[in-house]
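> For reference, the sequence and a predicted model appear below.
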Amino acid sequence: MVSENQINQKLWDLQDLVDKLDGTFEGKENININRVIIDSREAMDGDVFFAIKGNRLDGHEFVNNAFNAGASIAIVNQNYQHKTKGNNYIIVNDTFLALKKLAIASRKRNHGVIIGITGSVGKTTTKDILYSCISTYMNAYASPKSFNNKWGVPLALANMPINSDIGIFELGMNHFGEISELALLVMPDISIITNVENAHIGNLKTIENIGTAKSEIMDNMDEGCYIILNRDSNCYESLEKKANKKKLNIITFGKTVKSDIQLLKLNITDNSISTVVSIFDKKYRYNLNTNNKFIAHNSLPILAIFKILKLNLQSIFSNLNFNSVSKGRWETIKFKINNGSFVLIDDSYNASPMSMNYSICQFDSLKVSNNARRIAVLGDMLDLGEYEFSYHSDLIEQISESNIDIVYACGESMRKHLDKIPNNIKIYWASDSQEISKLLLRNICEEDIILLKGSNSMKMNIITQEFINNYELF
């Protein structure tokens, strides 16, 4: 998420790049370096391609692809044997370590305010909306997509323009120590923990352990920095205790009376929400262009950021734009069919028990016409370990008590529980999203409203693309 003027700005000088990577340059001079990439398919003129060895693929196999697509220079390991004349290389001991070195150098040279965001649910949404709001007031940069892991965070940092007034970074994790390592790169001045819930509980076993892992974002924050905490969330007390021990300034948000930023009222209509909040005991009203009350909660920590930066709170309300939210996060798409239309709510980016519960609740509460059918297209929730059976059982119980008319279920975990759904709800099942898509496309009617959700690895987003391929937008 970079403004046009930043894209056109030279990101790194060649000699500076060589020095920061402790590498050796081979090639020609006068190279423009505008962007850092690790995916050869994205390459264009001015790009630096880091040949990273990942879990499945080795980037060194795609160096020539990157050059053919326009990359200006490749960062390769010393044992790379396929250098070609006319291309530019920086030779390093370890390309992944080199990328982290560049990330650290980028953080050190930037004098703006750096914001880190973590939490079980809502990280990317909060990041996207914050960027949309704050870029109206200053030169802002945010990590693209969901670049929140050990490869994505250093890549995002390495691409941060030197003149950024604000840098916004998302930090994710599956295990202990991951956020601490990422926070060492980001060194946030302000951090947000959106919530602590049961995502990745299969790896970390308990909510308390998840809270401990999320709290690692504070590990590399200096005394006097700000931490923004959800007062309604699990593990609030332990997070507050750690923040006090670190001598951080704490700002809280939520529905709890003691919250510094307290949500007082939500009035939901078809396409918007009227909101009343108390910000340090002063009431404000604002409207949001979304009908999802759970996404609306993501506006609260953004208000805290504006308070910390002493920006005009009243002016933010006209810039809280939920159209900026990344694809696959409660994205409402309307399609033509026959003489009418149907609606797809694409919430397919990922699914934990908490986010699945939120989505089903919100979907169930939507006002629909008498002829409309509520259709839930749901994939397995993954990374639940020993809790896989119980959480899917809870999900089926929630569906059984809802107004949902039809369920299209995808995956083995969902299959184990479908016999518990009452007879008034129609059920279809397939092992993968491709097969579910074929079933679904044959059975769409006017006025249908469809919810699409499942863990990222279930590839539920394929279904959205099939709708786009087969139906005209309304």
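Happy to help now that I have it. Numbers count the residues shown, from 1 in each chain.
> Once you drop chain neighbours, what's closest to Ala139?
One thing to correct before we go on: residue 139 is Asn, not Ala. Take Asn139 and drop its neighbours on the chain: the residue closest to it by C-beta to C-beta, 6 or more residues apart in numbering is Asp165, 4.6 Å away. Placement of C-beta: from N, CA and C, glycine included.
> Help me confirm that the one you found comes into contact with Ile115.
No. The pair Asp165 / Ile115 is not scored as a contact, 11.3 Å apart, by C-beta atoms under 8 Å.
> neighbour-wise, which of these two wins?
Neighbours were counted for Asp165 and for Ile115 using other C-beta atoms under 10 Å; Ile115 has more, 29 against 16.
> any idea which helix or strand carries the more buried one?
When elements are assigned from DSSP states H and E, Ile115 belongs to strand 113-118.
> What mean pLDDT does that strand get?
Over the span of strand 113-118, the pLDDT mean works out to 98.
> outside of it, which residues touch it?
Identification of contacts with strand 113-118 by C-beta atoms under 8 Å, 6 or more residues apart in numbering yields 107, 123, 126-127, 130, 165-173, 179, 183, 186-194, 214, 217, 305, 309.
> show me where the stretch 51-200 of the chain has helices.
Ranges of helices within the stretch 51-200 of the chain are 63-68, 95-109, 123-134, 152-158, 178-186, based on DSSP state H, counting those that start in this stretch.
> Grab the nearest non-local neighbour of Glu331.
Once chain neighbours are set aside, the closest to Glu331 by C-beta to C-beta, 6+ apart is Asp346, at 4.3 Å.
> what's the one you found in contact with, if anything?
Taking C-beta under 8 Å, 6+ apart as the definition of contact, the neighbours of Asp346 are Lys327, Gly328, Trp330, Glu331, Thr332, Ile333, Leu452, Asn461, Thr464.
> For it, give the beta-bridge partners.
Glu331, Leu452 (DSSP bridges).
> just to revisit the earlier point, now, which of the contacts of Asp346 sits nearest Trp429?
Set against Trp429, the nearest of the contacts of Asp346 by C-beta to C-beta is Leu452 (15.6 Å).
> contacting residues for the closest one?
Contacts of Leu452 by C-beta under 8 Å, 6+ apart are Leu344, Ile345, Asp346, Asp347, Ser348, Val377, Met460, Ile463, Thr464.
> Per-residue pLDDT of it, please?
The predicted structure scores Leu452 at 96 on the pLDDT scale.
> Distance of it relative to Asp58?
34 Å (C-beta to C-beta, to the nearest Å).
> if we can go back for a sec, of all the helices of the stretch 51-200 of the chain, which lies closest to Ser143?
Between Ser143 and the helices of the stretch 51-200 of the chain, the tightest spacing by C-beta to C-beta is seen for helix 152-158, at 3.5 Å.
> can you list the domains in this protein?
As recorded under automatic domain parsing, the domains making up the chain are 4-93, 110-324, 331-470.
> Comparing the ones you listed, which stretch has the densest surroundings?
domain 110-324 (a mean of 20; mean count of other C-beta atoms under 10 Å).
> Okay, the residue nearest the centre of the chain and Leu185: tell me how far apart.
Central residue check for the chain by C-alpha atoms, centre = their mean: the C-alpha nearest the mean position is that of Thr124, 2.8 Å away. As for Thr124, its distance to Leu185 is 18 Å (criterion: C-beta to C-beta).
> cool, Ser40 as well?
The value you get for Ser40 to Leu185, if C-beta to C-beta is used, is 24 Å.
> so Leu239 is in which element?
Counting by DSSP H and E, Leu239 is part of helix 236-245.
> Could you tell me how far that helix lies from the centre of the chain?
Using C-alpha atoms, centre = their mean, to the nearest Å, the distance from the centre of helix 236-245 to the centre of the chain it belongs to is 25 Å.
> now stretch 282-294
Computed by C-alpha atoms, centre = their mean, the chain-centroid distance of stretch 282-294 equals 21 Å.
> What is the end-to-end distance of it?
When the termini of stretch 282-294 are compared using C-alpha to C-alpha, to the nearest Å, they are 23 Å apart.
> And the contacts of that stretch?
By C-beta under 8 Å, 6+ apart, stretch 282-294 touches 264, 266, 268-278, 296, 299, 313-314, 317, 320-323, 330, 358-359, 361-362, 366.
> Then stretch 305-322?
Outside stretch 305-322, the residues that touch it by C-beta under 8 Å, 6+ apart are 113, 115, 129-130, 132-134, 136-137, 190, 192, 226, 228, 251, 261, 279-280, 284, 286-290, 295, 299, 302-303.
> could you dump it to CSV, C-alpha only?
The C-alpha trace of stretch 305-322 is given here as CSV (Å, rounded to 0.1, in the frame of the first residue of the first chain):
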residue,chain,number,x,y,z
ILE,A,305,-4.0,6.2,16.9
PHE,A,306,-5.4,9.6,16.0
LYS,A,307,-5.6,10.6,19.7
ILE,A,308,-1.9,9.6,20.2
LEU,A,309,-0.8,11.6,17.1
LYS,A,310,-2.9,14.6,18.1
LEU,A,311,-4.8,14.5,14.8
ASN,A,312,-8.3,16.0,14.5
LEU,A,313,-10.6,13.3,15.7
GLN,A,314,-13.7,14.9,14.1
SER,A,315,-12.1,14.8,10.7
ILE,A,316,-11.3,11.1,10.8
PHE,A,317,-15.0,10.2,10.8
SER,A,318,-15.5,11.2,7.2
ASN,A,319,-12.4,9.1,6.2
LEU,A,320,-13.3,5.8,7.9
ASN,A,321,-13.6,4.0,4.6
PHE,A,322,-14.4,0.3,4.7
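> any idea of the mean pLDDT in it?
On average, stretch 305-322 scores 82.
> Please apply the same query to stretch 22-41.
Stretch 22-41 shows a mean pLDDT of 91 in the predicted model.
> Least confident secondary structure element in the chain?
Using mean pLDDT, DSSP states H and E, the weakest-scoring helix or strand in the chain turns out to be helix 4-7, at a mean of 41.
> which residues are in contact with the helix or strand in which Phe49 is found?
Taking DSSP H and E as the definition, Phe49 sits inside strand 47-50. Identification of contacts with strand 47-50 by C-beta under 8 Å, 6+ apart yields 12, 17, 33-38, 40, 43, 59, 63, 66-67, 70-75, 95-96, 98-99, 155.
> rerun that using 7 Å as the cut-off
Contact partners of strand 47-50, identified using C-beta atoms under 7 Å, 6 or more residues apart in numbering, comprise 33-38, 40, 43, 59, 63, 66, 70-75, 95, 98-99.
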